[in-house]
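# Provide a 3D model corresponding to the input given below.
(chains A and B)
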Amino acid sequence: MRTFIRGGRVLCPATGFDGTGTVVVEGDRIAGVHADNVEPGPEDRVIDARGRVVAPGFVDLHAHLGEPGEEHKEDIASGALAAVKGGFTSVAVASATEPVNDARAVTELLATRGRAVGKARILPVAAITRGGRGERLTEMFDLRDGGAVALGDGARSVADAGVLRRAMEYARAVGLPVFEHPEDARLAGAGVMHEGTVSTRLGLAGVPAAAEDVVVMRDLAIAEHTGARLHLGPVSTRGAVRALRAAREAGVRVTCAVSAAHLHLTDEAVAEAYDTNLRVRPPLRPAEHVDALRAALADGTIDAVASGHHPQSPVEKQVEFDLAEPGMIGLELALGLVLRLVQAGVLTLATAIERLSAGPARVLGLDAGRLAAGAPADVVVFDPDARVRIEAAALASRSRNTPFLGQALPGKVDVTLVGGRVVYSAESATEVWR
Amino acid sequence: MERRRRHLLDLASLPTGEIEHLLDLAESFTDISRRRIKKVPTLRGMTVVNLFMEASTRTRVSFELAAKRLSADTLNLSSSGSSTSKGETLLDTARNLGAMRPDIIVLRHRHSGAPHFLSRNLDAAIVNAGDGWHEHPTQGLLDCLTIRQHLKKIEGLRVAIIGDIAHSRVARSGITALSRLGAEVVVCGPPTMVPPGIETLGCTVTFDRDEAIADADVVMMLRIQKERLGEELFPSEREYARRYGLSRAVLERAARPDALVMHPGPVNRGVELDPDVADGPQSIILDQVANGLAVRMAVLYHCAGGEAAA
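Residues are numbered from 1 along each chain as shown, chains lettered A, B, ... in the order given. The predicted structure follows:
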């Protein structure tokens, strides 16, 4: 049996296809993409995509899914469902689990759970140092063989430049990119938001933009020295963007991601009511940084938009701002936030889709993010003009920590296919067609 | 009797007219403490909870006495004696208190924004008695009242605030209130203690103490927290005292002879303020304490919806 996705606007930035057409799926692969109308046989399944966009499934580079260790916030089942509901067909899961994903057993657990759940592909990012403590290297070959797609210490950078240098050197032989969340722990100190006028007014400890900039610049220098594949993300400052541009021109192998929320929210939002949903890492920055991120996303300096999905329960959020754990959910919001940029004229729809699919796939060296014969049949069908009101009860994620509750975002995912299987359809979020 | 409860979370969000109104109200309450019977029935039957989750003596005592002089029933909880040491969250503590239907909760908390957090989750009026580095509204009001009593106005005065501005809620409330009432405020400290964008509250910045106090009508010294030495905000107490402290010699050399000296207390004698200045003729520190009581009476009255009933 084949699946025909017919009548929609097929938009694949990787191949340049943009027009009404039919995507034919056979087994777990795409059999073909046709501009003309292809008639299905009587045995074939048809997905009517008229009025919809048919795009490569999205690839998320930065998500926390709670499992193992923090299942009260999220687990692979709820997180992977939230992913496909948001159009993500692959999700790179940060190593900051409990225990830390620094051993093959944990990596394999994530991969196995992901397969058992059978929604989005779960791609473990393994720690690059044991326990994520930044001291001793992990067994990177073993982690790769267990399914790790990248190496990085979760929401922190390797503090010791000497350790990072060795880690990057070693990772070259392993063939995996090194993920760094750029933030200098000493400069960040006890900061809970961007350091600037707003933090001063609110009396909150700040994280200066320089805390990110120094690590970006250091990491770029070490990447240039070692020749490793460095990925920085999520980034949040214009200093990071400036350094990235210069490094790219110098030929450094570096990629970069930004989280969707950081393309919209500024530190001013915190001033309204000390809303702990706005406590995130990296922190929300002032408008001049947001503008720089948007420009860099448009011109390709930033390769990918990540969900930045970091679920937290009320236990972590219904507390004083200083005591709240950082994070907001993003898997079910990222498409809408990116489409807002399309509406605002910041991105074309094709670029928006590229930054959600082919861009992040390239970061990981993944065979994904394109609609072409022979490619894995990871496809999303969405209505870019529909508006979806973000409501707590309707979220697939187990957590509700987002400041966008009650807001209407553009873009409604109708069908998501992973490996040729419909893993989500809007009519019935729980229904799976096999 | 219909009463409309009001929060006092910070001075930044309080209209200037209300700041002036509270000062006038406080002025009218100063008289009560000079009577033989220092008690009025204004808040009889109302309950004021003093929830102090950070060490404080003078502010807590001042609020307690203010409530008692207005005949309210008071309940004092401090963090050492409360459930928080057992791991209870602020929200649970507050909700449990809220279930007993207090009219006003006076909150002192070491985290900025804690009063705002409570105000969203409770019915009682919340009075901020100091939150983190954010604001200490009643301190700002009592500073204004004290200056106004001595100099008969605030508009046009030059006020220097010297010390650790970055970690000071007193500075933020003071700058906000004084600048709104027309004073020219200059803040001064080493750059490690002056936070970015403080000018947006309504002040100018200098790192030079003598420049700050020249021509000042009022010099407000802030307490330096010795714990901060470890954070490398200043090299030593000795150097701090010399460059940013106020001694008799500095006062005589750099300030006007009629400049008033203030301090929110408690004073680190010999660090930010020399004893002979703290106790000298230009010091109005004890007037600040006395006015604190009147201001807190006014704030409790106001937040309980007093004027609506009157």
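# please name the nearest non-neighbouring residue to residue B:301.
Nearest residue to residue B:301, sequence neighbours excluded (Cβ to Cβ, 6 or more residues apart in numbering or on different chains): residue B:42, at 6.0 Å. The way it works is simple: take the backbone N, C-alpha and C, and place the C-beta from them, glycine included.
# could you check the pLDDT of that neighbour?
At residue B:42, the model reports a pLDDT of 92.
# that one against residue B:306, yeah?
Yes. With contact defined as Cβ atoms under 8 Å, residue B:42 counts as touching residue B:306 (6.5 Å).
# check contacts around the residue nearest to residue B:301.
B:70-71, B:301, B:306 (Cβ atoms under 8 Å, 6 or more residues apart in numbering or on different chains).
# go again with 10 Å.
For residue B:42, the contacting residues are B:29, B:32, B:69-72, B:297, B:300-301, B:304, B:306, B:309-310, by Cβ atoms under 10 Å, 6 or more residues apart in numbering or on different chains.
# residues near the closest residue to residue B:199 other than its chain neighbours, how many?
Spatial nearest neighbour of residue B:199, excluding adjacent residues (Cβ to Cβ, 6+ apart): residue B:205 at 6.3 Å. Residue B:205 has 15 neighbouring residues, counting by other Cβ atoms under 10 Å in any protein chain shown.
# just say helix, strand or coil for residue A:125.
Assigned with DSSP: H, G, I helix; E, B strand; the rest coil, residue A:125 falls in the strand class.
# sorry, that was for residue A:388
Residue A:388 - assigned by three-state DSSP - is strand.
# what parts of the stretch 301-434 of chain A come near chain B?
Residues of the stretch 301-434 of chain A lying near chain B by Cβ under 10 Å from any Cβ of the partner chain: A:314-315, A:318-324.
# can you put the residues you listed in CSV and add neighbour count?
Converted to CSV, these look like this (neighbours: other Cβ atoms under 10 Å in any protein chain shown):
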residue, neighbour count
A:314, 14
A:315, 11
A:318, 16
A:319, 19
A:320, 24
A:321, 25
A:322, 21
A:323, 15
A:324, 23
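# just flag the most distant two among those.
Largest separation among these by Cβ to Cβ: A:314 and A:322, giving 16.7 Å.
# hmm, back to that, the residue nearest to residue B:199 against residue B:162, yeah?
No. Residue B:205 lies out of contact with residue B:162 (Cβ atoms under 10 Å); the separation is 11.4 Å.
# any residues in contact with both of the two?
B:186-189, B:212.
# show me the domain layout of chain A.
In terms of domains, chain A is parsed into A:2-54+A:376-386+A:410-431, A:57-364 (source: automatic domain parsing).
# residue B:180 is nearest to which of the ones you listed?
domain A:57-364 (14.2 Å).
# buried ones in stretch A:218-234?
Buried positions in stretch A:218-234, judged by neighbour count with 16 or more other Cβ atoms under 10 Å in any protein chain shown: A:218-220, A:222-224, A:226, A:228-234.
# over to stretch B:19-35?
In stretch B:19-35, counting by 16+ other Cβ under 10 Å, buried: B:19-20, B:22-23, B:25-27, B:29-30, B:32-33.
# is residue A:165 part of a helix or strand, or is it coil?
Taking three-state DSSP, the label given to residue A:165 is helix.
# that one touches residue A:222, doesn't it?
Yes. Using Cβ under 10 Å, residue A:165 is in contact with residue A:222, at 5.3 Å.
# so, low pLDDT: which residues of the chain?
All of this refers to chain A. Within chain A, the stretches with pLDDT under 70 are A:428-434.
# the chain in question should be chain B.
For chain B, the ranges with pLDDT under 70 are B:1-4, B:80-86, B:229-230, B:307-310.
# could you chop it up by domain?
Chain B is divided into the following domains under automatic domain parsing: B:16-135+B:291-303, B:137-289.
# run through the residues that contact residue 299.
Defaulting to chain A. Contacts of residue A:299 by Cβ under 10 Å, 6+ apart are A:241, A:245, A:351.
# that's the wrong chain, I meant chain B
B:6, B:8, B:22, B:25-26, B:29, B:63, B:66, B:104, B:106, B:125, B:127-129, B:137-138, B:141-142.
# burial count for the residue of the stretch 201-310 of chain B found nearest chain A?
Relative to chain A, the nearest point of the stretch 201-310 of chain B is residue B:201 (6.7 Å; Cβ to the nearest Cβ). Residue B:201 has 24 neighbours, counted by other Cβ under 10 Å.
# is it true that it touches residue B:140?
No. With contact defined as Cβ under 10 Å, residue B:201 does not reach residue B:140; the gap is 11.0 Å.
# so which residues of the stretch 251-400 of chain A form helices?
Chain-ordered helices for the stretch 251-400 of chain A, with DSSP state H, counting those that start in this stretch as the definition, fall at A:268-273, A:287-299, A:314-317, A:334-343, A:349-356, A:358-364.
# dump the ones you listed to JSON lines, plus distance to residue A:204.
Converted to JSON lines, those look like this (distance: least, Cβ to Cβ, whole Å):
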{"stretch": "helix A:268-273", "distance to residue A:204": "8"}
{"stretch": "helix A:287-299", "distance to residue A:204": "18"}
{"stretch": "helix A:314-317", "distance to residue A:204": "16"}
{"stretch": "helix A:334-343", "distance to residue A:204": "25"}
{"stretch": "helix A:349-356", "distance to residue A:204": "31"}
{"stretch": "helix A:358-364", "distance to residue A:204": "32"}
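# these: which one's closest to residue B:51?
The nearest among the helices of the stretch 251-400 of chain A, by Cβ to Cβ, is helix A:268-273 at 20.0 Å.
# other SSEs contacting the closest one?
strand A:193-194, helix A:197-202, helix B:114-121 (3 or more Cβ pairs under 10 Å, 6 or more residues apart in numbering or on different chains; DSSP states H and E).
# which residues touch that helix?
Applying Cβ under 10 Å, 6+ apart, the contact partners of helix A:268-273 are A:192-194, A:196-199, A:201-202, A:204, A:261, A:275-280, A:283-284, A:286-287, A:321, A:403, B:12, B:113, B:116-117, B:119-120.
# run the last query once more with 8 Å
A:193, A:198, A:201-202, A:204, A:275, A:278-279, A:284, A:286-287, A:321, A:403, B:116, B:120.
# which bits of the stretch 51-200 of chain A sit near chain B?
A:195-200 (Cβ under 8 Å from any Cβ of the partner chain).
# could I get the residues you listed as a markdown table with neighbour count?
What follows is these, written out as a markdown table (neighbours: other Cβ under 10 Å):
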| residue | neighbour count |
| --- | --- |
| A:195 | 26 |
| A:196 | 22 |
| A:197 | 20 |
| A:198 | 22 |
| A:199 | 27 |
| A:200 | 23 |
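# ok, these vs chain B, which is closest?
Lowest distance from chain B to these (Cβ to the nearest Cβ) belongs to residue A:197, with 2.9 Å.
# which stretch among the domains of chain B approaches residue A:39 most closely?
Closest to residue A:39 of the domains of chain B is domain B:16-135+B:291-303 (Cβ to Cβ; 59.4 Å).
# now for the closest residue to residue A:287 other than its chain neighbours: which residues touch it?
Spatially, and ignoring its direct neighbours in sequence, residue A:287 is nearest to residue A:266 (5.2 Å; Cβ to Cβ, 6+ apart). Taking Cβ under 8 Å, 6+ apart as the criterion, residue A:266 is in contact with A:284-287, A:290.
# cool, and residue B:59?
By Cβ under 8 Å, 6+ apart, the neighbours of residue B:59 are B:52, B:108, B:129-130, B:136, B:138-139, B:292.
# name the element it belongs to?
Using DSSP states H and E, residue B:59 maps to helix B:58-69.
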